[in-house]
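Undergrad: Next input, structure requested:
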Amino acid sequence: MKHLIKVLLGSAFVALAAAPSSAATLDDVKSRGVLRCGVNTGLPGFASQNDQGEWQGLDIDYCKAVAAAVFEGDASKVEYSPLSAVQRFPALQNGEVDMLARNTTWTMNRDTALGLNFVGVNYYDGQGFMVRKDLNVTSALQLSGATVCVQAGTTTELNLADYFSANNMDYNPVVIESQADVNAAYEQGRCDALTTDASGLYASRLELANPDEHVILPEIISKEPLGPAVRQGDEQWFDIVKWVHFGLLNAEELGITQDNVDEMLNSDNPDVRRLLGLDGTFGEDIGLTKDWMVHVIKAVGNYGEIFDRNVGPDTPLKIQRGMNALWTKGGLHYAPPIR
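TA: Here you go, the predicted structure:
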């Protein structure tokens, strides 16, 4: 019997030792004093540096939002790690970054086999094509035999192959690791078409020498739900990043903005009061202060403000809300309630 107990205890110890530990990411971030956020190497509207070397964009604001929640309003405590499409997943898996906010498509393989947890969708997108106007092409179905520039390590490669196969068309891929190099190859004439997410096409066109000489074709050939991701194995950190995202959406739906958040602290609306930490212990339940969303909204505004500031109709990208509007306005964005 003693031998059996020893065997069982030994087996249990081995099993526990082999099981992945739940890393306390929140504690690590706080003790380090900075959030390490993996971002794009340069995608206008989503993650790029301005003339002063400051990072800006929709995904950048998500990094700032999480930092504001963790560091009680200090959205500057972010260390940005520009990562190529190939580099991004290993960087998150091995702990080089605490989260990815890098226009990354949520897929089953990434959500399971790669050990990622996607916190939600912060931009609904789809893959398209850009060509020169003088190619006289008005549809992607006219691209049979074309040379197509595409970034390595992305869902874009697979979608490209699937689309041409499904339509019995031939193509010659030019596969390049960096999106900047993909854009350069296209501008240099190494390919007839450039393919990536439609938002990326608008951003890439802005960087061309003569943007008006290029056209984005009407076909959208895939679903690309883009969103932030964290490592599996730390439920608390997953909850924090996820509920910062949902908080931004709920703030827009409730009409809470960067300008009026202090005024809204006087609201009698129970949904507003819970979101802003006036009622309940929702912030404390995930390891933050009760007014965690007040800090977030003061730092970056609500989701609509983030969208409009970085990619909206009044920016160079001039992207309409479309699918990225709230569910109450015909879009797809819908956040669970805080209660």
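Undergrad: from here on, contacts and neighbour counts on C-alpha atoms
TA: Will do.
Undergrad: how far away is the spatially most central residue of the chain from residue 124?
TA: Centroid-nearest residue in the chain, with C-alpha atoms, centre = their mean: residue 227, separated by 3.3 Å. Distance of residue 227 to residue 124, given as C-alpha to C-alpha, to the nearest Å: 9 Å.
Undergrad: Residue 147 too?
TA: Counting by C-alpha to C-alpha - residue 147 and residue 124 are separated by 27 Å.
Undergrad: Between these two, point out the one with more neighbours.
TA: residue 124 (22 against 19; other C-alpha atoms under 10 Å).
Undergrad: With adjacent residues omitted, what lies nearest to residue 125?
TA: Closest residue to residue 125 apart from its sequence neighbours, by C-alpha to C-alpha, 6 or more residues apart in numbering: residue 224 at 4.8 Å.
Undergrad: What's the biggest helix in the protein, counting residues?
TA: In the chain, assigned by DSSP state H, the helix with the most residues is helix 235-253.
Undergrad: Which residues does that one contact?
TA: Where contact means C-alpha atoms under 8 Å, 6 or more residues apart in numbering, the residues beyond helix 235-253 that reach it are 22, 24-26, 62, 65-66, 69, 117, 119-120, 122, 230-232, 257, 275, 286-287, 293, 296-297, 301-304, 326, 333-337.
Undergrad: Just the buried residues of the residues you listed.
TA: Buried residues within the contacts of helix 235-253, defined by neighbour count using 16 or more other C-alpha atoms under 10 Å: 25-26, 62, 65-66, 69, 117, 119-120, 122, 230-232, 257, 275, 286-287, 293, 296-297, 301-304, 326, 333-335.
Undergrad: In strands, which of those residues appear?
TA: Here DSSP state E is the test, and the buried ones among the contacts of helix 235-253 give 117, 230-231 as lying in strands.
Undergrad: okay, these in JSON lines with distance to residue 268 and pLDDT next?
TA: Putting those into JSON lines (distance: C-alpha to C-alpha, whole Å; pLDDT from 0 to 100) gives the following:
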{"residue": "117", "distance to residue 268": "35", "pLDDT": "98"}
{"residue": "230", "distance to residue 268": "35", "pLDDT": "98"}
{"residue": "231", "distance to residue 268": "38", "pLDDT": "97"}
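Undergrad: Present the residues you listed as a markdown table; the columns should include distance to residue 195.
TA: Formatted as a markdown table, those follow (distance: C-alpha to C-alpha, whole Å):
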| residue | distance to residue 195 |
| --- | --- |
| 117 | 27 |
| 230 | 27 |
| 231 | 29 |
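Undergrad: Closest one to residue 78 out of the residues you listed, please.
TA: residue 230 (15.5 Å; C-alpha to C-alpha).
Undergrad: Please enumerate the helices of the chain.
TA: 2-18, 25-32, 58-70, 88-93, 108-111, 155-166, 179-187, 198-206, 235-253, 261-264, 270-275, 282-285, 292-300, 303-310.
Undergrad: Next, format these as JSON lines and append distance to residue 51 and mean pLDDT.
TA: Shown next, in JSON lines, are the helices of the chain (distance: least, C-alpha to C-alpha, whole Å; pLDDT from 0 to 100):
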{"stretch": "helix 2-18", "distance to residue 51": "48", "mean pLDDT": "38"}
{"stretch": "helix 25-32", "distance to residue 51": "28", "mean pLDDT": "98"}
{"stretch": "helix 58-70", "distance to residue 51": "16", "mean pLDDT": "98"}
{"stretch": "helix 88-93", "distance to residue 51": "25", "mean pLDDT": "97"}
{"stretch": "helix 108-111", "distance to residue 51": "34", "mean pLDDT": "96"}
{"stretch": "helix 155-166", "distance to residue 51": "30", "mean pLDDT": "95"}
{"stretch": "helix 179-187", "distance to residue 51": "17", "mean pLDDT": "93"}
{"stretch": "helix 198-206", "distance to residue 51": "16", "mean pLDDT": "92"}
{"stretch": "helix 235-253", "distance to residue 51": "28", "mean pLDDT": "98"}
{"stretch": "helix 261-264", "distance to residue 51": "31", "mean pLDDT": "98"}
{"stretch": "helix 270-275", "distance to residue 51": "36", "mean pLDDT": "98"}
{"stretch": "helix 282-285", "distance to residue 51": "37", "mean pLDDT": "98"}
{"stretch": "helix 292-300", "distance to residue 51": "21", "mean pLDDT": "98"}
{"stretch": "helix 303-310", "distance to residue 51": "16", "mean pLDDT": "98"}
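Undergrad: Mean neighbour count, these: which tops it?
TA: helix 58-70 (a mean of 27; mean count of other C-alpha atoms under 10 Å).
Undergrad: how about it as CSV, C-alpha atoms only?
TA: In CSV, the C-alpha atoms belonging to helix 58-70 read as follows (Å, rounded to 0.1, in the frame of the first residue of the first chain):
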residue,chain,number,x,y,z
LEU,A,58,-5.9,51.9,-33.9
ASP,A,59,-3.8,49.0,-32.5
ILE,A,60,-1.5,51.3,-30.7
ASP,A,61,-4.4,52.8,-28.9
TYR,A,62,-5.3,49.3,-27.7
CYS,A,63,-1.9,48.9,-26.2
LYS,A,64,-2.4,52.3,-24.5
ALA,A,65,-5.8,51.3,-23.3
VAL,A,66,-4.5,48.2,-21.5
ALA,A,67,-1.6,50.2,-20.1
ALA,A,68,-4.0,52.8,-18.8
ALA,A,69,-6.1,50.1,-17.1
VAL,A,70,-3.1,48.5,-15.5
